[in-house]
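Novice: Provide a 3D model corresponding to the input given below.
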Amino acid sequence: MQENEDPVIVGRVGGVYGVRGWLKLDSYTRPKENIFTYTPWLVRLDTGWKKVEIEDFQQRGSGRLLVKINGIDSPEQAREYTNCDISVTQEQFPALAEGEFYWHDLIGLEVLNQEQISLGKISDILETGANDVLVIKSTGDRVTKTLIPLVMDVFVKKVDLNGSTMLVEWQSDD
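Specialist: The predicted structure is shown next:
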C-alpha cells in the first residue's frame, strides 16, 4: 500500500472456522455482505498491511459471515489473520450522489449549531431502527456527549467535507 493512501476499515476478522482455513468475519458495511464487493482487501497483520484476495465467502444462519482467503488452507495459516482489521482504499467505494456521505467521511467533523457555537466533533454514528444518530463529543473543559438524529434538512442543515464542519439545528447545552 502506498503511504498516501488512507485505508478505510470495513470489518474485522474473527476466529478460525473449520479445518480448511475459513475465517469468521465481522462486517462494518451496510448491508454487511457489501464487504465482499470491495476487493482486494488490505488486512492489518503484525507486520503491516497485506493485500489479500477472497477465494470464497458464505453467509450462514442469522447472518454469520465466513470468508476463505486465497492461499489459506489450514487453521494454522488462518490463525495469523484472526482479530485483524480489514480495510480498503477510498477509491474502491462507489461514487455517491450529491448530498450523500459515507459514515467515515463524517467522523471527526466539527459540529456547529446555527448560532455558530461548536457542539464538538462527531466521534461515532449509531445505527437505529428509525434513523442514524450522530454522537458528538465536546472538546471543552467538561467532556460531554450529545446525540443528534442524522436527518438531513431537519436537524442536519449542511455538511462541508472540505471545511470539516457540519451545521445543525440544535441548541447548545450551555
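Novice: contacts, neighbours, all on C-alpha from now
Specialist: Will do.
Novice: what's stretch 19-38 in contact with?
Specialist: Where contact means CA atoms under 8 Å, 6 or more residues apart in numbering, the residues beyond stretch 19-38 that reach it are 9-17, 57, 59, 64-69, 72-78, 82, 88, 92-93.
Novice: sorry, that was for stretch 46-53
Specialist: With CA under 8 Å, 6+ apart, stretch 46-53 has contacts from M1, T39, P40, W41, L42, V43, R44, I69, N70.
Novice: need the buried ones from these selected in PyMOL.
Specialist: Buried residues within the contacts of stretch 46-53, by 16 or more other CA atoms under 10 Å, are selected in PyMOL with:
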select buried, resi 40+41+42+43+44+69
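Novice: just the buried members of the contacts of stretch 19-38?
Specialist: Buried, going by 16+ other CA under 10 Å: 9-17, 57, 65-69, 72, 75, 78, 82, 88, out of these.
Novice: which parts of the protein are strands?
Specialist: 7-17, 22-27, 41-45, 48-52, 54-60, 64-69, 85-89, 110-113, 118-126, 133-137, 145-149, 156-160, 165-168 (DSSP state E).
Novice: do you know which of those lies nearest W103?
Specialist: strand 118-126 (7.2 Å; CA to CA).
Novice: and that closest one, which residues are buried?
Specialist: Under the neighbour-count criterion of 16+ other CA under 10 Å, strand 118-126 has S118, L119, G120, K121, I122, S123, D124, I125 buried.
Novice: isn't the fifth one up against W103?
Specialist: No - contact between I122 and W103 fails when scored by CA atoms under 8 Å: they sit 10.1 Å apart.
Novice: please tell me how far the spatially closest residue to I117 that is not a sequence neighbour sits from V151.
Specialist: In space, and not counting its chain neighbours, I117 is closest to S172: 7.2 Å by CA to CA, 6 or more residues apart in numbering. With the distance defined as CA to CA, to the nearest Å, S172 ends up 18 Å from V151.
Novice: same thing with T29?
Specialist: For T29 relative to V151 (CA to CA), the value is 20 Å.
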